[in-house]
Structures are given as C-alpha cells and as structure tokens.
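**Q** Here is the input, now give the coordinates:
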Amino acid sequence: MKPKSSLNESGLYDYAVKALSRRMRTEAELRRLMRARVEPGPGGDEIVQTVIGRLREQRYLDDRSYAETFSRLRRENDKFGQRRVRQALGQRGVSSKIVDQVVTESYAKTDEETLARQYLERKRLRKPADDKETARVMRRLVAAGFSTGVIYRILRQWDVPDESLTALDNIDAPEQGE
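**A** The predicted structure is shown next:
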C-alpha cells in the first residue's frame with residue numbers, strides 16, 4: 001500500500017470538508033486528522049491552522065455548536081447523566097469552559113432522577129433481587145453519569161435493604177476523570 005501524499009492548503013481544505021460532511025467533529029478531532037495529511041513540522045502546522053481558521057470563519061467548525069448538539073442527543077436519546085456527557089466531550093477535545101457552560105445549560109431543566117429512571121427503562125434494568133444485582137444496577141447508573149445521591153434515591157424507592165446500600169459504599173465509582 002503506497003503512503004498517502006501530503007496535501008497542500010486547498011487539498012487539505014477539501015479533505016477537511018469531506019471529513020466534516022461524514023460526521024460532526026470537534027476542532028481537536030479534525031486537527032488530528034489533518035496533521036496526518038500534511039508534511040510534519042512548522043509548514044504543515046501552518047497549513048492546518050490556516051484551514052482550521054477558514055473552516056471556523058465559514059462556520060463549518062464550531063466546538064460550542066458541536067457540544068450543544070452532542071449534549072442534547074446524549075440527554076434525549078441515550079438518557080445519559082451530566083458527568084458522562086462532560087467526560088465524553090472532554091475526551092473529544094472540547095475546552096472545559098465550553099463543556100461546563102453547554103452541559104449546565106443543556107441539563108438545567110432536566111430532572112436527573114427522571115432521566116435515570118428513563119435510562120433504566122431504556123436498558124430494561126429492573127428492581128434488583130439480591131446484592132449482586134443491586135451492585136450491577138449501581139455500576140450501570142454510575143457509568144451512565146448519574147450522581148450517587150440520585151442512584152441511592154432510586155434504590156431506596158425500590159426498597160433495596162439498607163445493608164445492600166451500605167455494601168455499595170465500598171464500590172469505587174469512576175469519578176477520577178472529572
């Protein structure tokens with residue numbers, strides 16, 4: 001297989017527009033794609049920066065708009081909690097300032113407990129019958145980005161014994177990525 005040739009500015013612009021037409025991308029994702037298509041070094045970086053600037057001016061590339069759409073879709077379709085959405089946007093290279101603003105706005109009128117219940121229903125998770133199932137439900141809700149307070153409220157309303165909830169306190173929730 002022959003190596004891909006380096007692109008000039010107009011070739012890179014066409015490549016970037018085609019990449020954006022296939023799916024929405026953040027500036028960081030597109031920058032990573034484009035760097036692989038130019039000569040390494042300052043000349044290539046300059047071309048990438050020029051193309052990024054041009055795409056921003058034409059409003060083809062807008063991290064805030066990307067974050068708004070991403071957040072809305074994850075909330076409405078996947079029923080994910082705020083923490084999961086924040087983490088995913090951060091991994092995609094959206095600045096933390098934009099992530100904080102957009103996710104806070106997006107989830108402002110959303111009741112987290114109702115969203116968590118919708119997530120449980122969507123995933124067909126039922127009232128746990130024993131400690132093992134309780135832990136499984138808890139892990140799924142934590143992974144979906146819901147706060148432990150909401151998770152405990154749901155489990156208590158399901159009449160999960162307090163001993164089971166106490167045992168869950170020992171589970172390490174994956175909150176280091178925040």
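
**Q** Neighbours of residue 76, how many?
**A** Neighbourhood size, residue 76 [other Cβ atoms under 10 Å]: 13. Where C-beta positions appear, they are placed from N, C-alpha and C, glycine not excepted.

**Q** In contact with the residue nearest the centre of the chain, which residues?
**A** The centroid of the chain falls nearest to residue 88 when counting by Cα atoms, centre = their mean (2.3 Å). Residues in contact with residue 88 (Cβ atoms under 8 Å, 6 or more residues apart in numbering) are 70, 74.

**Q** neighbours around the residue found closest to residue 96 once you drop the neighbours it is linked to in the chain, how many?
**A** Distances taken as Cβ to Cβ, 6 or more residues apart in numbering place residue 90 nearest to residue 96, at 6.6 Å, with adjacent residues excluded. Neighbours of residue 90 under the rule other Cβ under 10 Å: 14.

**Q** So residue 90 is in contact with residue 98, correct?
**A** No - applying Cβ atoms under 8 Å as the test, residue 90 and residue 98 come out as separate, 10.1 Å apart.

**Q** Could you point out the longest helix of the chain?
**A** helix 42-57 (DSSP state H).

**Q** Was I right to think residue 31 contacts residue 48?
**A** Yes - under the criterion of Cβ under 8 Å, residue 31 makes contact with residue 48 at 6.1 Å.

**Q** OK, contacts around residue 159?
**A** By Cβ under 8 Å, 6+ apart, residue 159 lies in contact with residue 127.

**Q** what about it, which SS state?
**A** coil (DSSP: H, G, I helix; E, B strand; the rest coil).

**Q** Relative to residue 138, how far out is it?
**A** Residue 159 sits 15 Å away from residue 138, taking Cβ to Cβ, to the nearest Å as the criterion.

**Q** Could you point out which residue ranges in this protein have low pLDDT?
**A** 1-4, 167-178 (pLDDT under 70).

**Q** Which element, helix or strand, includes the residue nearest to the centre of the chain?
**A** helix 82-91 (DSSP states H and E).

**Q** Go through that helix and flag the buried ones.
**A** The neighbour-count check on helix 82-91 (16 or more other Cβ atoms under 10 Å) flags 82, 83, 84, 85, 86, 87, 88, 89 as buried.
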